[in-house]
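*Asks:* Structure of the sequence below:
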Amino acid sequence: MIRLPIASLIGACATGLLVVASSAHAQSAPAAPDEIRLHGQDQAFITDATRSASTQHEAARLATSRSTDREVKAFAEHVGADNARLSEALRAASPRGVDVPDNDPDVAVLDSIKDLRGGDFDKAYIEQVALGDEQKTLSIFQAEIASGRNGQLKEAARQALPTVQADYAQARELARRKHLAE
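*Replies:* You can find the predicted model right below:
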């Protein structure tokens, strides 16, 4: 059996207690300002809104090269610019330390239109992106306004809502002019 002086034994126990106490304190301490945790609704808003904006921006880029219709191209350019501004506004409104995806489009949506050209592209773009994705974007922003908990994000959603509503209204009008069902 190893004999240790009582002072060494007490010192070792005290050191162990200090290690355990500091570990427990580090786990229960509030997050540093750079490590803000958002409520689930707010985090979902950032993820979904930036994905939608990225998807629409990338789809608009495709539309400028694959569409043969000047109205579709004009709509795509307008919406692409709006969504680039929305992405920047979301990035600016997000609390420091919160991960905001930079360019994370919905690949399935883009894959569904990327190989189309001309009238086939126009129809798919209007139905899937202009109508479908714009409606989804509108729902995302309305949900944040109604249920979000982060004041900055709610305000960003509130400020962006008129743009999103106008883009959706323009998409509906474009679909009506092209005789496509909503």
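*Asks:* Same question for stretch 113-124: list its buried residues.
*Replies:* 113, 116, 121-124 (16 or more other Cβ atoms under 10 Å). Any C-beta I mention is one placed from the backbone N, CA and C, and that applies to glycine too.
*Asks:* Quick check: end-to-end length of that stretch?
*Replies:* 6 Å (Cα to Cα, to the nearest Å).
*Asks:* Averaged pLDDT, it. What do you get?
*Replies:* The average pLDDT within stretch 113-124 is 94.
*Asks:* just checking, which of the buried residues of stretch 113-124 belong to helices?
*Replies:* 113, 121-124 (DSSP state H).
*Asks:* Nearest to A92 among those residues?
*Replies:* Comparing these against A92 with Cβ to Cβ places I113 closest, at 29.7 Å.
*Asks:* I figured the closest one was touching E127, is that so?
*Replies:* No: with contact defined as Cβ atoms under 8 Å, I113 does not count as touching E127 (9.7 Å).
*Asks:* For the ones in helices among the buried residues of stretch 113-124, give me CSV that also has distance to Q56.
*Replies:* As requested, these are exported to CSV (distance: Cβ to Cβ, whole Å):
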residue, distance to Q56
I113, 12
F121, 15
D122, 16
K123, 17
A124, 14
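*Asks:* which one of these is nearest H78?
*Replies:* For these, the nearest to H78 is D122 (15.5 Å; Cβ to Cβ).
*Asks:* Quick one: residues contacting that closest one.
*Replies:* 67-69, 72, 178 (Cβ atoms under 8 Å, 6 or more residues apart in numbering).
*Asks:* again, only using 7 Å
*Replies:* 67, 69, 72 (Cβ atoms under 7 Å, 6 or more residues apart in numbering).
*Asks:* Buried ones in the one helix or strand the last one maps to, by neighbour count?
*Replies:* Following DSSP states H and E, one finds V72 within helix 70-93. Taking 16+ other Cβ under 10 Å as the basis for neighbour counts, the residues of helix 70-93 that come out buried are 72-73, 75-76, 79-80, 82-83, 86-87, 89-90, 93.
*Asks:* now do stretch 159-175
*Replies:* Buried-residue list, stretch 159-175, by 16+ other Cβ under 10 Å: 160, 163-164, 167-168, 170-172, 174-175.
*Asks:* returning to what we had before: could you dump the buried residues of helix 70-93 into CSV with pLDDT and distance to Q56 added?
*Replies:* Shown next, in CSV, are these (pLDDT from 0 to 100; distance: Cβ to Cβ, whole Å):
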residue, pLDDT, distance to Q56
V72, 96, 14
K73, 96, 14
F75, 97, 11
A76, 96, 9
V79, 95, 6
G80, 94, 7
D82, 95, 8
N83, 92, 4
L86, 91, 9
S87, 89, 10
A89, 90, 14
L90, 88, 13
A93, 88, 18
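*Asks:* and L153, how far is that from Q41?
*Replies:* In this view, L153 and Q41 are 9 Å apart by Cβ to Cβ, to the nearest Å.
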